[in-house]
Structures are given as C-alpha cells and as structure tokens.
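S.K.: Model the following, please.
(one chain, ligands or ions: 1)
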Amino acid sequence: MKYYYHFVVNPEAGSGRGLKVAKKIEAIVKKRRFPHQFYYTEYAGQEQELTTSLLAQVLLPWDDIYRENSEMLYPLLVVIGGDGTLHQVVSSLQESEKNIPLGYIPAGSGNDFARGMRLPKEPEQVFWKIAGTATPQSVTIIKYHDQIQDETGFAINNIGIGLDASIVYAANHSAAKSNLNKFNLGSFAYLSAVVNVLFRQKGFPILVETNGKQLNFTKAFLCTTTNHPYFGGGVAIAPTANLNEDKIDFVLVERVALFKIFWLLALLTRKKQMKSRYFHHLSTNKLRIVSTVPQHGQEDGEEMGKRPFDITMTTAKQLIWS
Ligand SMILES: Nc1ncnc2c1ncn2[C@@H]1O[C@H](COP(=O)(O)OP(=O)(O)OP(=O)(O)O)[C@@H](O)[C@H]1O
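M.R.: A predicted model of the protein is given here:
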C-alpha cells in the first residue's frame, strides 16, 4: 500500500508556524515524488469545509485489506495545524461516522494532543513516522451531548467548565492579544488572562454523575474532562490519563483561598496535585456534569459560550495514523 497524501493546513496556526511546517513537508513529498495535494485554509472554520468535501470525493474508510494490497494508493488525510484545527477536522470525520483515519503534524502553540500522543518534536520526524506506518492506531476521544442546547460534539483534548474556559475567553478577548499578536507575543495575553481570571473566577455549584454515583461540589473552580494528561499547552492536569484506554478523566479543583491556589499550582508543576484534598480526580467512560449557574465552557481551547450546562460525556474512537 502506498499513500496519496491530502494535507489540510492552517497556515496561521502557531502564529505562522503552520505555513513553515507545511513548506518543510512539501519539500519532502516533492523530492520523493509522493503523490500529494495541499489544501490551505484562508479563514477560520474552512478546515471543516475542506474535510467535508474530501469526505465526499476521495477519503476511504479504513479496512485492513488495504494493507495487503501493494498496488493500492490509499488516500491519507494529514492535518497540519494546532489543536483547534485538529478539533474541527476530527469533528467532521466523527460526524460522518465513516471510520476515516488521519495523520497529524503539530504546528500550533499549545500542541496538547501531540504531547498526549508523544509525537516527535520535529515535523519531518512526524511525517516519516506517518509514512512508515502501515496501520492506524485507535485512540480515545471525548463525545459530548449537552441536554440544554441539544448539542452534540467531539473533543480531542478536553472540555472544561469554569477556570480554564474563562482563561480561553479572556485571552481571546484581551486587548493585549490583538495588540501583541503581530509581535508574536500571544503568550503574554495568555499569561495576563491566567492571572486576571485566577483573581476573579468565583466558585460555582456543580453536580457530577458517574457509575450510578452523584457527587456534589458547592465551590467548583476548575472542572475539566480530558482523554490524555495535558491541557493549557503542556500542563499535566491528569498525569495518569491515557489515549489508549477506553476512559476519560475528570478533574475538579475547588475554589480555595488564593494562597492555597498558588500552593496547588506549585503542586501541579511537580505533578503532585493528587496530594491536595481540594483536587478531585476520577477515571470513567461516562460522565454527566450539571452546572445550573452559567459558566464559560471550552472544548479543545475553543469557546463554547457562557451558559448553564447539562453535559454528558462518553468515549469515542478516532483512528490516528501514527
Ligand atoms: N487561515 C486561517 N486564518 C485564521 N484562522 C484560522 C485559519 N484556519 C483555521 N483557523 C482557525 O484558527 C483557530 C486556531 O487554530 P489552531 O488551534 O490550529 O492554532 P493555535 O491556536 O496556534 O494552536 P494550539 O491550539 O495548538 O495552541 C481554529 O479555530 C481554526 O479554525
């Protein structure tokens, strides 16, 4: 089996890193004469449109038969971009219910999914790993349904209600981001949003249901469901989570006095957060979270809006060429 590579690229990911990575990969596939085509997005959300048209025209569901067929030119979708781009493409693939695999070459600023997958750092190495793979691996992602909005979706990293989502919102809407992005200092906007929100985010009541048990928290602060350890650009919030297990991990941190939050952050940097009694963690394959007080939500770093939630999360499977 050989591949016809279909590269969907967000050139803007990682403040322009997407384009640089795509050019490196283009040099390889041209030199080696690998059949390929590049599709560059020109605006946010176009990656979904491109995926939908590739689904209709060229992509084929994976079947082990292809592996045996040396004459076969299998159409392989490869995403070059950050977590947000990957989120959009995977959502389109999942909605199609066609069991389509994809390769992923990270080029964002956070790259949490790539960390969870333990992909090599250099894009060329990631490409050669894809090119040398004969069969995709099945990884666990999150499927959700929100009862209130009757909305279904998928996440490749995490879904958060509360602190992390407020940070995403604040960073996206901060004056610092729009002024500083052109100098490549988006991370300053992120840091200032973190500090700002840490001071302002209040505790909120939340109900969690899993395995027939109900847990009530009166002062939730950070409430995140994840399928691998990392969030927020490399913070190992759930160190024991694993993409290859049919489980999702739920993490809740209670609102406590500010000095205790800084203590918790210090524990977090050493992956010792489990020691705190304000840190709660569980691993499951089905979870319902109810927040009647409107809170910001985020899915893979994309805003879900400020709203009440009654959200049920289960595991889903995505084939990754790696
Ligand atoms: N050509 C484009 N111009 C502007 N935005 C785009 C374009 N193509 C895609 N997008 C949008 O950019 C957003 C962010 O992309 P992405 O997450 O891949 O990059 P990033 O934020 O730099 O990386 P990370 O999420 O890993 O930190 C996504 O919502 C995506 O839909």
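S.K.: Run through the residues that contact Ser96.
M.R.: Leu55 (Cβ atoms under 8 Å, 6 or more residues apart in numbering). From N, CA and C alone the C-beta is placed, and that goes for glycine too.
S.K.: That should have said Glu122, apologies.
M.R.: Here Glu122 is in contact with no residue (Cβ under 8 Å, 6+ apart).
S.K.: Distance-wise, check it relative to the ligand.
M.R.: Distance of Glu122 to the ligand, computed by Cβ to the nearest ligand atom, to the nearest Å: 17 Å.
S.K.: who are the neighbours of the longest strand belonging to the chain, in terms of helices and strands?
M.R.: When the chain is parsed with DSSP state E, its longest strand is strand 302-320. With contacts taken as 3 or more Cβ pairs under 8 Å, 6 or more residues apart in numbering; DSSP states H and E, strand 302-320 sits against helix 83-96, strand 102-106, strand 137-146, strand 158-162, helix 163-173, strand 248-254, strand 286-299.
S.K.: of all the ones you listed, which lies closest to the ligand?
M.R.: The ligand sits nearest to helix 83-96 of all these, at 2.4 Å, using Cβ to the nearest ligand atom.
S.K.: what does the stretch 151-300 of the chain put close to the ligand?
M.R.: Within the stretch 151-300 of the chain, no position lies close to the ligand (Cβ under 6 Å from any ligand atom).
S.K.: from the stretch 101-250 of the chain, which residue is nearest to the ligand?
M.R.: Gly108 (2.4 Å).
S.K.: before we move on, the earlier item: output the helices and strands packed on strand 302-320 in TSV; the columns should cover mean pLDDT and distance to Thr315.
M.R.: Listed next are the helices and strands packed on strand 302-320 as TSV, based on pLDDT from 0 to 100; distance: least, Cβ to Cβ, whole Å:
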stretch	mean pLDDT	distance to Thr315
helix 83-96	97	12
strand 102-106	98	18
strand 137-146	98	5
strand 158-162	96	13
helix 163-173	88	21
strand 248-254	96	6
strand 286-299	97	8
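S.K.: which of those sits most buried?
M.R.: Ranked by mean neighbour count under mean count of other Cβ atoms under 10 Å, these are led by strand 158-162, which reaches a mean of 28.
S.K.: Taking strand 137-146 as reference, get the angle to that strand.
M.R.: Using axes from the mean of the first three to the mean of the last three Cα atoms, to 10 degrees, the inter-axis angle of strand 158-162 relative to strand 137-146 is 30 degrees.
S.K.: Residues of the stretch 1-150 of the chain that sit close to the ligand?
M.R.: Residues of the stretch 1-150 of the chain lying near the ligand (Cβ under 6 Å from any ligand atom): 10-14, 41-47, 81-85, 88, 108-111.
S.K.: Generate a PyMOL selection restricted to the buried subset of those residues.
M.R.: The PyMOL selection below is limited to those of these classed as buried (16 or more other Cβ atoms under 10 Å):
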select buried, resi 10+11+12+13+14+41+46+47+81+82+83+84+85+88+108+109+110+111
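S.K.: Tell me which of the residues of the stretch 1-150 of the chain next to the ligand fall in helices.
M.R.: Among these, the members found in helices (DSSP state H) are Ala13, Gly14, Gln46, Glu47, Asp83, Gly84, Thr85, Gln88.
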